[in-house]
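Q: Below is the sequence, then the predicted model.
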Amino acid sequence: MGKRKKDGSLINGAKTQSNENAQSKLSKKEQKKIDAELRKIKAPLTNRLKKIESERLQKEKSDCEEKLFGSKIYEENNKKQLADCMQKSVELISKLDDLEEEWMDVSTELESL
């Protein structure tokens, strides 16, 4: 621990605990305000990110479905590709369902405001 001056502050310029406590009470209100402003700023970005993710997943799902509708993937030498595509399709459907459910929850919450 560093040496203290007569006023209780550390010689190296650090603040004392009582001074920090006074500032933390003030900063809690300020922090809440800052957090609210950040959420307000981040909300459109978060929504856009989710939309992009959904669009990307939809594209991947469409690509898999296109392969599954073709006959080439069902040929003997493409068994692994078929299995991979089917597995990926199942995973994508699940992720898209989760995103849709989250979207519904957020929409409901927004409507209640």
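A: Alright, I've got the coordinates.

Q: before we move on, which element is the residue nearest the centre of the chain in?
A: Note on the chain: the residue nearest the mean C-alpha position is Thr46, at 6.9 Å, using C-alpha atoms, centre = their mean. Using DSSP states H and E, Thr46 sits within helix 17-69.

Q: Next one: Glu55 relative to Leu96, how far apart?
A: As for Glu55, its distance to Leu96 is 11 Å (criterion: C-beta to C-beta, to the nearest Å). In this view, the C-beta of every residue, glycine as well, is placed from N, C-alpha and C.

Q: Please report the distance of Phe69 from Asp63.
A: Distance of Phe69 to Asp63, computed by C-beta to C-beta: 11 Å.

Q: okay, the two: which has more neighbours?
A: Set side by side, Phe69 and Asp63 show unequal neighbour counts under other C-beta atoms under 10 Å, the larger going to Asp63 at 14 against 8.

Q: what does the model give the more buried one for pLDDT?
A: For Asp63, the pLDDT comes out at 91.

Q: what about it, distance to Glu53?
A: Here Asp63 is placed at a distance of 16 Å from Glu53 (C-beta to C-beta).
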